[in-house]
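[1] What follows is a predicted structure for the sequence shown.
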Amino acid sequence: MSIRLRHDTIVRSLRRNGTATVDALATEVGVSRRTILRDISALRDDGFVIHSDVGRGGGLQLDPQSMQTTTRLSVPEVFALLISVAAMRAAGNLPFSDLADSGLAKIEKALPSDKVRDLRAFLDCLHIGTLSPLQDLSDMGKMDADLLPVFETAFLGRRLIRFEYRDAKGRKTKRRVEPQAMLILPPLWYLVAWDPMREDFRHFRMDRISAPEALADTSFRRRHVPFEEDVCPYSELAD
């Protein structure tokens, strides 16, 4: 269990049970008492108010009004929030857009400078457009949860990405491409990539991609993606 997941489990357990002993928490997450004590100290640093009762039958108690005051969101998580808001705005069904934008701005301000740099690089590759009303959506599926983290690694590190792709006729092929941009045509999302084998850009529906993998021993250069006139970058939508 990762540190982050362990901390989340401890907080949920304390909220659910009211009071818990160090031994009980250690058993629940599978670590030592010393590790739990370090975790409690870290959670307090994050803003959680956790009381300790050292008497017989005592334990740890989380103040029900306390909450985390520092962000632990990763760049892909913030990016996922941003592109979700962008997609809803483009579709015209974001009724509280001002609140969403102010909340995301606060999250961005809480990120370390290196994470902000990565996030802005991400946003530079994000484009929004309008889907044709003639598009067939009957076979639209769910996107692979691993795709966004793999795209982050490959795009920021300029590494090729490998995946299996299912076309409109259900035929499966293995692809190896340079990830250059992401295109959202609500409700469809596309990976826009340069295909070295075909020496041209290709659009891959992200719900048809499976088993994505960033390749460690490859690199590529950024290219200008020739989007149509009705496709605009995310930054223009946010103005």
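    Thanks, I have it. Quick caveat: nothing in here was measured; it's all calculated off a predicted structure.
[2] and this protein, what are its domains?
    3-62, 75-238 (automatic domain parsing).
[3] chain center to the shortest one, what's the gap?
    Between the mean C-alpha point of domain 3-62 and the mean C-alpha point of its chain there is a distance of 27 Å (Cα atoms, centre = their mean, to the nearest Å).
[4] State the mean pLDDT of it.
    The average pLDDT for domain 3-62 rounds to 86.
[5] thinking again about what came up before, now mean neighbour count too, for the domains of the chain, in a markdown table please.
    (C-beta placed from N, C-alpha, C; glycine too.) A markdown table is the format used below for these (neighbours: other Cβ atoms under 10 Å):
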| stretch | mean neighbour count |
| --- | --- |
| domain 3-62 | 15 |
| domain 75-238 | 15 |
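[6] is it true that R33 touches V22?
    Yes: R33 lies in contact with V22 (Cβ atoms under 8 Å); the separation is 5.3 Å.
[7] Mind telling me what element the residue nearest to P64 when sequence neighbours are not counted is part of?
    Nearest non-adjacent residue to P64, counting by Cβ to Cβ, 6 or more residues apart in numbering: R15, 7.3 Å away. Per DSSP states H and E, R15 falls inside helix 3-17.
[8] Mind listing residues that contact whatever helix or strand comes next after that helix?
    With elements assigned by DSSP H and E, the helix or strand that comes after helix 3-17 is strand 19-20. Contacting residues not belonging to strand 19-20 are listed as 13-14, 53, 58-61 [Cβ atoms under 8 Å, 6 or more residues apart in numbering].
[9] From those residues, pick the one nearest F155.
    S13 (36.8 Å; Cβ to Cβ).
[10] Hmm, E28 and that closest one touching each other?
    Yes: between S13 and E28 there is a contact under Cβ under 8 Å: 6.0 Å.
[11] Among the contacts of strand 19-20, which lie within strands?
    Counted as lying in strands by DSSP state E, out of the contacts of strand 19-20, are 60-61.
[12] Just the CA atoms of stretch 198-209, as CSV, please.
    Only the C-alpha atoms of stretch 198-209 are listed here, as CSV (Å, rounded to 0.1, in the frame of the first residue of the first chain):
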residue,chain,number,x,y,z
ARG,A,198,3.0,6.4,-41.8
GLU,A,199,4.9,9.7,-41.5
ASP,A,200,1.6,11.6,-40.7
PHE,A,201,-0.7,12.6,-37.9
ARG,A,202,-3.3,10.2,-36.7
HIS,A,203,-6.3,10.6,-34.3
PHE,A,204,-7.0,7.8,-32.0
ARG,A,205,-10.3,7.6,-30.0
MET,A,206,-9.2,7.2,-26.4
ASP,A,207,-12.0,4.8,-25.6
ARG,A,208,-10.6,2.4,-28.2
ILE,A,209,-7.1,2.4,-26.7
